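> How does the following fold in three dimensions:
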Amino acid sequence: MANIRLIKRRIRSARNISQITRAMEMVAASRMKKAQEKAVSGKPYAQKIYEITGKLAKRIKADKEISPLLKQEGKEQKNLVILISTNKGLCGGLNTNLFRSIRNWFPKEVATDYITLGKKGEVFIVRSGRNLVADFSETSFLENIGAVTNLAVAGFVQNKYNQVYLVFNNFFSILKQIPTKQVILPIDSLETEELKTTDGSDLMIEPDANSFFNSLLPYYLEVQVRAAILEAEASEYSARMMAMKAATDNAKELMSLLSLEYNKIRQQLITYEIADIVTAREAMQ
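Coordinates of the predicted model:
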């Protein structure tokens, strides 16, 4: 009898868990749809600005015109990484895969400072003994774009850093999110397939390349950080939706197995009771 009560309690617990995870799955699905639309709609714009800025950097470098955000000879061989993770868990291996990539891309032997957007990233950087410069996890990530870009630009211009990277989860599909490393400074280090084959000579610019380049830079940096944040948000909600769906399915499978076990034990008890009745009747006769 004790086993039956225990199994019934476990079935009830599994049912409650499945209801909670199902609700979380639905919430993540609704948010994922909106985040996915924003990330997908803004990706071509961010990519085109990235390519145009890289082409202009090549032309300006060829014309020997100077910009403070072009190639810098830093006093220290140090990188700055803007790490975009999540504030909450329950999203499968999304953050774990991202942090594993961080370890591979930026070993502790390589001098690197970090700016984090997301409490999970902040905890990882601190616990792994890496140098955390600033954290912007307390408010909306989009509200902190200006502060993040200003901090990165100031450190680069002051020759504190040789390169500045964005590290985030790139939204590929609902089932696939890819940890991505993207260099954003110095600008002549930008890399895409198109930038490898063109030098910017195909662009018609007025009034001149240098003026246009300097006016484009603030938008370039903000757009890249914004696009990375939107990609990370879409990845987070997609991963959470799939994780909660898997949890719901596992809870239902456990309920099925426990129900089968419960019925087996209950059938055995009924059989024993019938056998006792039959035995007692035969003894009385």
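> Can you check the pLDDT for L185?
Per-residue confidence at L185 stands at 82 (pLDDT).
> shouldn't it be in contact with V164?
Yes. Under the criterion of C-beta atoms under 8 Å, L185 makes contact with V164 at 3.9 Å. Quick note: C-beta positions are derived from backbone N, CA and C, even for glycine.
> shared neighbours of the two, which are they?
Residues touching both L185 and V164 comprise A152, F156, with contact defined as C-beta atoms under 8 Å, 6 or more residues apart in numbering.
> More neighbours: which of those two?
Neighbour tally, L185 and V164, criterion other C-beta atoms under 10 Å: the higher count belongs to L185, 28 against 25.
> quick one, helices of this protein?
Counting by DSSP state H, the chain has these helices, from start to end: 2-62, 94-105, 119-127, 145-157, 193-197, 209-284.
> just so I know, which of those helices lies nearest F171?
Nearest to F171 among these is helix 209-284 (4.0 Å), distances taken as C-beta to C-beta.
> tell me the angle that closest one makes with helix 2-62.
Interaxial angle, helix 209-284 versus helix 2-62 (axes from the mean of the first three to the mean of the last three C-alpha atoms, to 10 degrees): 170 degrees.
> From the chain's centroid, how far away is helix 209-284?
19 Å (C-alpha atoms, centre = their mean, to the nearest Å).
> For the residue nearest to R103 when sequence neighbours are not counted, what are phi and psi?
Excluding the flanking residues, the one nearest R103 by C-beta to C-beta, 6 or more residues apart in numbering is S128, at 7.8 Å. Here the main-chain torsion angles of S128 (degrees, to the nearest 10) amount to phi -90, psi 0.
> Next, count neighbours for V225.
Neighbours around V225, by other C-beta under 10 Å: 25.
> same deal with the one 3 residues further on?
If you count neighbours by other C-beta under 10 Å, A228 ends up with 25.
> again, but for S85
Counted with other C-beta under 10 Å, residues neighbouring S85 total 26.
> just K48 next, same as before
By other C-beta under 10 Å, 12 other residues sit near K48.
> Please consider this matter closed, and thank you.
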